[in-house]
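> Make a model of this:
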Amino acid sequence: MEHNSWATLSTQLANATEKVGASAVAVLSSDGTFLSSALAWRDGGIFVTTAHSLKKASNLAVLLPDGRRASATLKGKVRGFDLAVLHVDESLPLPAFGDPGLARPGNLMLVTGRSLDTGVNATIGAISAVSGPWQTWTGGNMPRFIRLDVALFAGVDGGAVVDSSGAVIGIATSALSRIAGVVIPKETVDAAIDSVLAGKGGEPAFLGVGLHEIEYDGRPTPIVLSVDPKGAAAASAAIFVGDLITSLDGKPITGIRGLWSILNDPAIVGRPVEVGLIRGGEPAKAQVTLSVRSHE
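Below you'll find the model as predicted:
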């Protein structure tokens, strides 16, 4: 009999979807509205989904693969990475995990999830772009950029991104790019879970300034263009439009990305820190106490 590679590929895709689907649940609000997919990520009922899909939902539940419903508790959100960590009162088998660092443009990927009405969902496409570290518009520093050429339907946003070996390399989200869906890579998910379970929240510190980058003294330097009245800069009344930010907490700043890398350290939240400034061509200092941004 002639070998049918199409049929073989089709079967492999279906098998991978079924296998990862055994670890996927549909997330529901208290009134039964379907919100997103979530994936079992660690033992003990720890699941992850996208933060944007939960909005202000409370009293969550999940639809399990066998059709039962189980209660779920929101442990925390890390909006910089569009991640939410849930504890579900049922444990599911964990999927196999892969290395997102091996992703290359052109690789085929499955994105699988679970919806309320149709059960396991799957969509397939290619990785359209890969690059190095990047900062999300919500303030998170990702270790790698992986863009998907994949349709993210309602039952798939928040689902698992699965490579050709059937291993999960991350979570799919449509909320971090205006162009296409992207992958929240495995190492970022792991770090977010660690932060949430340790009670650190995982949110970046909120200085509350609008910035632009200019060249000063031979290096890229953030200049303050606006001050948010709800931020630490306004609360201290010591950082003003036109200030250049040269250091934070004793660490020199190189560009906006360098500032964000410090603000993303949970250890900086909740304590006073010194901001080094250039104001009117002269060195200045400001003392601020950093908190996380209010999303009310």
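> The host helix or strand of His212 packs against which elements?
Assigned by DSSP states H and E, His212 belongs to strand 209-216. Using 3 or more CB pairs under 8 Å, 6 or more residues apart in numbering; DSSP states H and E as the contact criterion, the secondary-structure elements in contact with strand 209-216 are strand 219-227, strand 244-248, helix 255-263. From N, CA and C alone the C-beta is placed, and that goes for glycine too.
> Quickly list the domain ranges of the protein.
The chain breaks down into these domains under automatic domain parsing: 1-202, 205-292.
> Now tabulate those domains in JSON lines and tack on mean neighbour count and mean pLDDT.
Listed next are those as JSON lines, based on neighbours: other CB atoms under 10 Å; pLDDT from 0 to 100:
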{"stretch": "domain 1-202", "mean neighbour count": "19", "mean pLDDT": "91"}
{"stretch": "domain 205-292", "mean neighbour count": "16", "mean pLDDT": "89"}
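> gap between the longest strand along the chain and the chain center?
Looking only at the chain and at elements set by DSSP state E, the strand with the highest residue count is strand 119-131. Per CA atoms, centre = their mean, to the nearest Å, the displacement of strand 119-131 from the mean C-alpha position of its chain is 17 Å.
> Repeat that for stretch 116-127.
On the basis of CA atoms, centre = their mean, the separation between the geometric centre of stretch 116-127 and that of its chain is 20 Å.
> export it as PDB, just CAs?
What follows is the C-alpha trace of stretch 116-127 in PDB, where atoms were taken according to Å, rounded to 0.1, in the frame of the first residue of the first chain:
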ATOM      1  CA  LEU A 116     -17.400  25.200  27.000                       C
ATOM      2  CA  ASP A 117     -19.500  23.800  24.100                       C
ATOM      3  CA  THR A 118     -17.000  22.100  21.700                       C
ATOM      4  CA  GLY A 119     -14.500  20.500  24.000                       C
ATOM      5  CA  VAL A 120     -10.900  20.300  22.900                       C
ATOM      6  CA  ASN A 121      -9.900  22.900  20.300                       C
ATOM      7  CA  ALA A 122      -6.900  22.900  18.000                       C
ATOM      8  CA  THR A 123      -5.500  25.300  15.500                       C
ATOM      9  CA  ILE A 124      -2.300  24.900  13.500                       C
ATOM     10  CA  GLY A 125       0.100  27.400  11.900                       C
ATOM     11  CA  ALA A 126       3.700  28.400  11.700                       C
ATOM     12  CA  ILE A 127       6.000  30.500  13.800                       C
END
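> Can you list the neighbours in contact with that stretch?
For stretch 116-127, contacts defined as CB atoms under 8 Å, 6 or more residues apart in numbering pick out 13, 17-18, 21, 24, 26, 28, 32, 34, 37, 63, 65, 103-115, 146-153, 155-156, 159.
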